[in-house]
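In: with the input below, show me the fold.
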Amino acid sequence: MKLRWIGTALMATVAMGQAQNAAKTPLQFEVASVKLNRSGAAEGCRFDTPPGGQRFTMTNCPLGSLISFAYGVGPALMSGGPMPVLVEKYDISAKAEYSSSRDQIKEMIRGLLQTRFALNVHLEPKLTEVYHLVVTKGGPKFKPAQDSGGRGPGGGPVGGNLGDLRLTNVSMAAFATAMSNRLVSRTVIDRTGLTETYDFELIFTPELFGPQQSNRPDDGSSGAAMGSARPDIFEALRSELGLQLESRKETVDHLVIDHAERPSEN
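Out: Numbers count the residues shown, from 1 in each chain. Coordinates of the predicted model:
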């Protein structure tokens, strides 16, 4: 009798847990405005999550960049989709009902993409050439952020001009994603083991990248342009931050965009 009672109680507990999971409502913004940016500006894409964790704004950014941000996947790991829609630039202003973490904001953005842009995606694992971001033998040359400014972990901006980046309250994972998007041709994966958020500046000589430059030095040698007063990104990471990019092959998930369409503005 006792064993039967325990079994019944266990089944009831499992059933309750399943019901709670099924009833979980995806996080959504309380209000959100989506408008096509008609400024014609070639640059100036900006994402921002102001202090308080309730608001998200995007200015003059392509839809593809928003998808990359929301899913935490660099452009090199994205494919498919209607290209005219993905390159169109939008302005978005959204507000959450409560203060939210960076991951929660990203969940809300994914919901916004599904409801307003009819986005449909799936993941495909592929063997890919990547860079691992690791700490050099001498250790990191920067310290944890002193003030989060009211932002959640890793919620600070990656800003400044290309070649002079100022990073505030940024996690190593966010930094790796930022490099994947802007500075090197491969996806960068955080393997530093550093779990806090940090403030630092990185000064380097920006270079165009492409398939012919995909195998950059990872043995400690400098790839800086001859005659340049600044190092390239590889040497700058080593000398200024105590970090290094190591070439690897790894099976990673590629985000395949099955469908997206232009939203109705409001």
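In: every contact and neighbour count from this point should use C-alpha atoms.
Out: Fine.
In: and the contacts of stretch 58-71?
Out: 37, 41, 43-48, 74-75, 78, 85-93, 106-107, 109-110, 113 (Cα atoms under 8 Å, 6 or more residues apart in numbering).
In: PyMOL command to pick out the buried ones of the residues you listed?
Out: To isolate the buried ones among the contacts of stretch 58-71 in PyMOL, judged by 16 or more other Cα atoms under 10 Å, type:
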select buried, resi 37+47+74+75+78+85+86+88+89+90+91+92+106+107+109+110+113
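In: which of the contacts of stretch 58-71 fall in strands?
Out: Arg46, Phe47, Asp48, Met78, Lys89, Tyr90, Asp91, Ile92, Ser93 (DSSP state E).
In: list just the nearest of those residues to Asp232.
Out: Checking the ones in strands among the contacts of stretch 58-71 against Asp232 by Cα to Cα gives Arg46 as the nearest, at 24.4 Å.
In: that closest one pairs with what?
Out: Arg46 has these beta-bridge partners by DSSP bridges: Thr59.
In: contacting residues for it?
Out: So Arg46 contacts Met58, Thr59, Asn60, Cys61 (Cα under 8 Å, 6+ apart).
In: how much space between it and Leu123?
Out: 26 Å (Cα to Cα, to the nearest Å).
In: quick one: list the elements packing against the helix or strand harbouring Glu129.
Out: Assigned by DSSP states H and E, Glu129 belongs to strand 120-135. In terms of contacts (3 or more Cα pairs under 8 Å, 6 or more residues apart in numbering; DSSP states H and E), strand 120-135 is packed against strand 187-190, strand 243-259.
In: C-alpha coordinates for that strand, CSV please?
Out: The C-alpha trace of strand 120-135 is given here as CSV (Å, rounded to 0.1, in the frame of the first residue of the first chain):
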residue,chain,number,x,y,z
ASN,A,120,10.9,30.9,-39.0
VAL,A,121,14.3,29.4,-38.4
HIS,A,122,16.0,26.1,-37.7
LEU,A,123,19.5,24.9,-36.6
GLU,A,124,21.8,22.7,-38.6
PRO,A,125,25.1,21.4,-37.1
LYS,A,126,28.1,21.7,-39.4
LEU,A,127,31.9,21.2,-39.0
THR,A,128,33.2,24.8,-39.2
GLU,A,129,36.5,26.7,-39.0
VAL,A,130,36.3,28.9,-35.9
TYR,A,131,38.5,30.8,-33.5
HIS,A,132,38.6,30.1,-29.8
LEU,A,133,39.1,33.1,-27.6
VAL,A,134,41.5,32.0,-24.9
VAL,A,135,43.7,33.6,-22.1
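In: Lys126 - how many residues pack around it?
Out: Applying other Cα atoms under 10 Å, we find 12 other residues in the vicinity of Lys126.
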